[in-house]
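[1] build the 3D model from these lines:
(one chain, ligands or ions: 1)
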Amino acid sequence: MFKYRIDDELELKLLEPADAEALYRLIHANRSYLRKWMAWVDATKSPQDTRSFIESARIRWAKGDGMTAGILFHGELCGTIDHHALCLLNRRTSIGYWLAESHQGLGIMTRACRAMVSHAFKGLGLYRVEIRAGVNNLKSRSVPERLGFSFEGVARGGQRLYDRYIDLAVYGMLADEWDSSPAGAK
Ligand SMILES: CC(C)(COP(=O)(O)OP(=O)(O)OC[C@H]1O[C@@H](n2cnc3c(N)ncnc32)[C@H](O)[C@@H]1OP(=O)(O)O)[C@@H](O)C(=O)NCCC(=O)NCCS
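    As a prediction, this is how the structure comes out:
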């Protein structure tokens, strides 16, 4: 079991099949809130779906193709964060995340994201980390903004959300910027 302690309150945990039930319960309890920005929610209909998701995420991790971690707040699963679209040729990755509605406003995602950015640069030796968020998803955009990412522009129609396409704000951080940024120095 891979676990990484961020601080007294927070840990990241590589999700395993035994987490499928808890992950499903969390998604189910947050369905209407999550589906506003995440298109996969409706396809998550049972713990078998979260188990399949965890198993495929673990296969990707074993191949060195990203990592999906559960976020534990005082030991309780409250969301996930991942490295995806990992490209070793260009040494870059993207970060995606979600949090239970009840756990917003505590700085959990900013702290988890800071740990994942540091891992990308220091642990994996990557050069670029990207975060994309719906242009109107202000809470999500605030996460890279708090960490000092640069706003690089808008990927028009970058995400399919049900019957429409939404524009995504693109944020980037480079390894040498991170080393000298307040968030990277913490
Ligand atoms: C996007 C999402 C993770 C943001 O959650 P969040 O709680 O706003 O973000 P954080 O956990 O970093 O918390 C930041 C808030 O905690 C406060 N905070 C408290 N302690 C803090 C700390 N130590 N560090 C940073 N912020 C702290 C901040 O002031 C901020 O509050 P504000 O929103 O009133 O300004 C959440 O809204 C979510 O999961 N939404 C649905 C799914 C989604 O949109 N995912 C992203 C798709 S791109």
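
[2] verify the stated contact: residue 42 with residue 35.
    Yes: contact criterion Cβ atoms under 8 Å: residue 42 and residue 35 qualify, at 6.4 Å. For the C-beta atoms, the positions are set from N, CA and C on the backbone; glycine is no exception.

[3] and residue 154, what helix or strand is that in?
    Residue 154 is located in strand 150-161, with elements delineated by DSSP states H and E.

[4] what does residue 172 give?
    strand 164-174.

[5] what's the helix or strand for the nearest residue to residue 113 once chain neighbours are set aside?
    Spatial nearest neighbour of residue 113, excluding adjacent residues (Cβ to Cβ, 6 or more residues apart in numbering): residue 143 at 5.4 Å. Assigned by DSSP H and E, residue 143 belongs to helix 138-146.

[6] strands of this protein, start to end?
    Under the criterion DSSP state E, strands of the chain are mapped to 3-5, 10-14, 67-73, 76-87, 92-99, 128-134, 150-161, 164-174.

[7] quick one: name the residues of the protein near the ligand.
    34, 37-38, 97-99, 104-110, 133, 137, 139-140, 143, 146 (Cβ under 6 Å from any ligand atom).

[8] give me that answer again for 5 Å
    With Cβ under 5 Å from any ligand atom as the criterion, the chain meets the ligand at residues 37, 98-99, 104-105, 107-110, 133, 139-140.
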